[in-house]
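Asks: here's a sequence, model it:
(one chain, ligands or ions: 1)
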Amino acid sequence: VSQDETLLEERHLRYVSLLGKGNFGTVELCCYDPMGDNTGELVAVKKLQPNKHSTLEDFQKEVKTLSALHCDYIVKYRGVCYSMGRLTMSLVMEYLPYGSLIGYMENHRNSITIKRMLLFAFQICKGMEHLQTQRYVHRDLAARNILVASDSLVKIADFGLTKVIPSDKEYYRVTQPGESPIFWYAPESIGESRFSHKSDIWSFGVVLHELFSYCDINCNPKRVSSVTLWNKWMFTTIVFVVRVLYS
Ligand SMILES: C[C@H](Nc1nc(-c2c[nH]c3ncc(Cl)cc23)ncc1F)C(=O)NCC(F)(F)F
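Replies: Prediction:
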């Protein structure tokens with residue numbers, strides 16, 4: 001019988017620690033140990049908590065997206081794990097020990113060279129290039145969604161908002177913009193909820209800003225655009241004007 005090694009059994013997944021939370025559910029560090037002799041592999045398990053933001057259908061699309069992407073610069077898919085009699089499911093991915101790029105840049109502020117930042121930027125470009133060849137738009141490219149595999153390798157992760165561009169169009173229009181990270185959004189994404197490879201490139205520009213500012217909390221995109229009331233008023237006005245221009 002052909003063993004589908006991407007269908008993982010919950011009984012072999014041992015909880016280690018909580019890695020982080022999102023508006024979909026949580027990501028836990030687990031050890032997948034089918035032999036039961038602690039020779040298992042550390043994995044990151046994204047558990048779905050169906051809520052108003054993310055449904056099982058959205059989650060299944062994320063699994064389909066990640067399982068279709070094979071690239072050194074994209075977090076690897078390990079499989080899915082159904083539990084509670086297929087009532088809920090988990091997405092199992094490789095575990096990247098150095099965590100998210102934000103934390104890494106803050107902790108290695110003094111040892112990161114410009115050359116290293118350019119290497120990371122190049123790797124993110126290669127990952128995004130692979131996404132583009134499959135007509136995917138990430139829609140949430142930000143330093144918080146880049147993982148660090150080693151001191152010289154980063155990978156794109158979190159494909160929860162990723163969409164496929166229809167073959168007859170150049171862009172994807174979102175009907176219900178959820179919790180939008182608008183500080184990473186291109187003008188046409190703010191104005192018309194339109195997403196394309198070009199809007200991913202805009203977000204990449206914001207990621208470059210994060211990289212070259214060491215993901216410093218005092219100048220991160222959200223902070224920069226709302227540091228004072230004036231900026232807040234200005235930003236609101238800009239969003240309003242952009243929406244008017246695009247309507
Ligand atoms: C909610 C989860 N948050 C976190 N994840 C990790 C993490 C370390 N190592 C990891 N290896 C594989 C994965 Cl999928 C996550 C981690 N560390 C801190 C977090 F806050 C997450 O998925 N964040 C999006 C992205 F993965 F892009 F960073």
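Asks: center of the protein, which residue is that?
Replies: Nearest residue to the geometric centre of the chain (Cα atoms, centre = their mean): Asp158, 2.6 Å.
Asks: ok, now which ones touch it?
Replies: Listed by Cβ atoms under 8 Å, 6 or more residues apart in numbering, the contact set of Asp158 reads Gly22, Asp140, Asn145. All C-beta spots, glycine's among them, are computed from the backbone N, C-alpha and C.
Asks: got any ranges where this protein has weak pLDDT?
Replies: 1-2, 52, 85-86, 177-179, 226-229 (pLDDT under 70).
Asks: now it against the ligand: closest residue?
Replies: Nearest residue of the chain to the ligand: Gly20, at 2.4 Å (Cβ to the nearest ligand atom).
Asks: you'd agree that residue is up against Glu28?
Replies: No: taking contacts as Cβ atoms under 8 Å, Gly20 lies outside contact range of Glu28: 9.1 Å.
Asks: what about the residue of the chain closest to the ligand, how many residues close to it?
Replies: Per other Cβ atoms under 10 Å, the neighbour tally for Gly20 reads 14.
Asks: so it, which state does it fall into?
Replies: The three-state assignment at Gly20 reads strand, by DSSP: H, G, I helix; E, B strand; the rest coil.
Asks: so what's it bridging to?
Replies: Val27 (DSSP bridges).
Asks: how much space separates it from Thr55?
Replies: The gap separating Gly20 from Thr55 is 21 Å, by Cβ to Cβ, to the nearest Å.
Asks: that's a strand at Phe122, yeah?
Replies: No: applying three-state DSSP, one finds Phe122 to be helix, outside a strand.
Asks: next, count neighbours for it.
Replies: By other Cβ under 10 Å, 12 other residues sit near Phe122.
Asks: quick one: the strands in the chain?
Replies: For the chain, the strands defined by DSSP state E cover 13-21, 25-32, 41-48, 77-83, 88-94, 136-137, 146-150, 153-156, 163-164, 172-173, 194-195.
Asks: can you name every helix or strand that the second one contacts?
Replies: Contacts of strand 25-32 with other secondary structure elements, assessed using 3 or more Cβ pairs under 8 Å, 6 or more residues apart in numbering; DSSP states H and E, are made with strand 13-21, strand 41-48.
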